[in-house]
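*Asks:* Output the structure for:
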Amino acid sequence: MTSPDTSAPRIGILGAGGRMGRSLIQAVAATQGRASLGAAIERSGADGIGEDAGLLAGIGAIGVRLASTVDTATFDVLIDFTRPEAIADTLGACTAAQRGLVIGTTGFDAGQIAAIQAASAVIPICMSGNFSVGIYLLQQLVEQAARTLGPDFDIEVVEAHHRHKVDAPSGTALMLGQAAAAGAGRSLAEDAVYARQGHTGARPAGSIGFATIRGGDVVGDHTVHFLGDGERLALSHHASSRMNFARGAVRAAQWLARQNPGLYSMRDVLG
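*Replies:* Okay, here's the model as predicted:
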């Protein structure tokens, strides 16, 4: 993959008019020249099309207007925090133009995951259920705790998000569940329990449970519980601002602009 000067990559943002999109615009501006906003894109018919993206984000005019089409000539790396159903078009545009892609969208099905993996043979892609540095550290702690505590401790993942979130469990909860499974030497695909209702019987040994809360304006709360006989350990992360995720995604985009094709995660970005 070849691109212009990647010391200060031009970043494109899908869903730029939404809550996360506006935070991403602010995060790009906060890099103080180490990255620039190349494109701000929203779905056709969305409010604000044609307006200055900086004004929409509350940081003042920046000369980039909210567009309804993707012009790949305007950016080196695209950040996508939209909906799973849009990923096919996004992958097509980025692979055709040899542009990197940061994916923060969650809720993909198996076919969409396969398409992302195939595209990563052509372009660099960084994909994560959560771009917070704090969540990255929590993953490491969860894996270590599961390994150290062993099979005598039951594992439960509890997450809470705002009323508008459309997928459950959250991508972050699944990441934490995967970290717990790795530390415990288990398979999340085989041991995960996503719902309990009615007469469920005793808790299956070795299972990893998930519980979901939706309501209000919760940005994102995640707790992994390790429950043993006589003691309990809880490891938590509470997000009070989307800027945590936005800063991490922009950091990933800056890093991705220098990479060869491949499928990367925040573990790669943070070393």
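*Asks:* quick one, domains of this protein?
*Replies:* The record's domain parsing of the chain by automatic domain parsing lists 10-131+243-270, 133-239.
*Asks:* Go through those and pick out the most buried.
*Replies:* Among the domains of the chain, judged by mean count of other C-beta atoms under 10 Å, the one packed with the most neighbours on average is domain 10-131+243-270 (a mean of 19). C-betas here are computed from N, CA, C, even on glycine.
*Asks:* how far is that one from where the chain is centred?
*Replies:* 11 Å (C-alpha atoms, centre = their mean, to the nearest Å).
*Asks:* Then stretch 188-205?
*Replies:* Counting by C-alpha atoms, centre = their mean, stretch 188-205 comes out at 26 Å from the chain centroid.
*Asks:* for stretch 119-137, same thing?
*Replies:* On C-alpha atoms, centre = their mean, the centre of stretch 119-137 falls 7 Å from that of its chain.
*Asks:* hang on, the earlier thing: as a markdown table, the domains of the chain with mean pLDDT would be great.
*Replies:* Formatted as a markdown table, those follow (pLDDT from 0 to 100):
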| stretch | mean pLDDT |
| --- | --- |
| domain 10-131+243-270 | 95 |
| domain 133-239 | 96 |
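*Asks:* so Gly12 sits right up against Ile41, yeah?
*Replies:* Yes: Gly12 sits in contact with Ile41 when judged by C-beta atoms under 8 Å, with a separation of 6.5 Å.
*Asks:* what's the overlap in contacts for those two?
*Replies:* Val70 (C-beta atoms under 8 Å, 6 or more residues apart in numbering).
*Asks:* and Ala253, what does it touch?
*Replies:* Here Ala253 is in contact with Pro9, Ile11, Ala35, Val77, Ile79, Gly100, Val102, Cys126 (C-beta under 8 Å, 6+ apart).
*Asks:* With adjacent residues omitted, what lies nearest to it?
*Replies:* Val77 (4.3 Å; C-beta to C-beta, 6 or more residues apart in numbering).
*Asks:* I'd say that neighbour and Ala257 touch.
*Replies:* Yes: here Val77 reaches Ala257: they are 5.2 Å apart, a contact under C-beta under 8 Å.
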